[in-house]
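>>> sequence isn't available, so here's the structure alone:
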C-alpha cells in the first residue's frame with residue numbers, strides 16, 4: 001500500500017480561526033464576526049486563495065484583493081499571509097504515525113494544496129519531510145485538490161496505482177475526490193482517529 005498525506009490540518013497544525021483571532025484581535029468578537037472574517041479572508045480555499053494555492057497569484061496582488069474584500073488594511077493582510085508559514089507547526093501525533101509507517105516499510109508520499117512560499121518554508125525547516133519518497137505541492141503543478149487532474153498527476157509523478165494508494169486528508173471533499181479517482185481514503189479528524197483507521201485497515205498493529 002502507498003500512503004499519501006495531506007499537510008495542512010493533517011501533518012501540520014492549521015486552525016485558521018484561532019490564528020486570525022491572534023493576528024486580528026479587533027475582529028475576533030463576537031465569534032460569528034471572527035468566522036465571517038475567516039470565511040471572507042480564505043474564501044473556503046476557493047477564489048483568489050485557491051489561485052494562491054495554484055501558484056497563479058503572488059502575495060502582493062492577493063493582499064490587495066483580500067484587503068478590498070474584507071476591509072482590512074493591506075499591511076495587516078500581508079502580516080496574516082506571511083504568518084501562515086510559521087503557523088504550520090508539526091502535529092506530533094501525526095509525525096509519530098508517519099515515522100511508524102516509514103519504519104514499517106510503506107511507500108510514503110504527500111499531496112498538498114500549498115502556496116509556493118509556504119512549501120519552501122516547510123522544506124527548509126522540517127527534516128522529517130525526508131521520510132517521503134516524493135510529493136506534489138499544488139503551486140508547483142498549477143493544479144489543486146479536489147480537481148481530478150491533480151490526483152492523476154500525482155499517480156503519474158509517483159509511479160503508483162490508484163487501487164494500491166491510501167490518501168489521508170482533513171477535508172471530506174478531498175477524501176471524496178480521491179475515492180472518485182479510484183484511491184482509498186481516510187478523512188482525517190485527529191491523530192488518534194487516523195491511527196484507529198490505519199489499524200482497522202491492517203496497516204499498523206494495534207498499540208500495546
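Received it, and whenever you're ready, just let me know what you need. Given the structure is predicted, the values throughout are model-derived calculations rather than measurements.
>>> so what are the domain limits for this structure?
2-13+89-200, 16-87 (automatic domain parsing).
>>> tell me the helix or strand right after the lengthiest helix in the chain.
Using DSSP state H, we find that the single longest helix of the chain is helix 74-87. Following helix 74-87 in sequence order, the next helix or strand is helix 92-103 (DSSP states H and E).
>>> thinking again about what came up before, deepest of the domains of the chain, which one?
domain 2-13+89-200 (a mean of 18; mean count of other Cβ atoms under 10 Å). Where C-beta positions appear, they are placed from N, C-alpha and C, glycine not excepted.
>>> shaky segments in the chain?
Counting by pLDDT under 70, the chain has low-confidence residues at 208.
>>> same thing but at 80, please
207-208 (pLDDT under 80).
>>> the strands in it, which residues?
2-5, 107-112, 134-137, 165-169, 184-187 (DSSP state E).
>>> those strands: which one's closest to residue 30?
Closest approach to residue 30 among the strands of the chain (Cβ to Cβ): strand 184-187, 29.9 Å.
>>> same for that closest one, what does it pack against?
In terms of contacts (3 or more Cβ pairs under 8 Å, 6 or more residues apart in numbering; DSSP states H and E), strand 184-187 is packed against strand 165-169, helix 172-180, helix 191-200.
>>> and the angle from the second one to strand 165-169?
Right, the one you point to is helix 172-180. 170 degrees (axes from the mean of the first three to the mean of the last three Cα atoms, to 10 degrees).
>>> how about residues contacting helix 172-180?
6, 145, 146, 147, 148, 151, 167, 169, 184, 185, 186, 187 (Cβ atoms under 8 Å, 6 or more residues apart in numbering).
>>> mind putting the strands of the chain in JSON lines, distance to residue 31 included?
Formatted as JSON lines, the strands of the chain follow (distance: least, Cβ to Cβ, whole Å):
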{"stretch": "strand 2-5", "distance to residue 31": "31"}
{"stretch": "strand 107-112", "distance to residue 31": "29"}
{"stretch": "strand 134-137", "distance to residue 31": "33"}
{"stretch": "strand 165-169", "distance to residue 31": "26"}
{"stretch": "strand 184-187", "distance to residue 31": "25"}
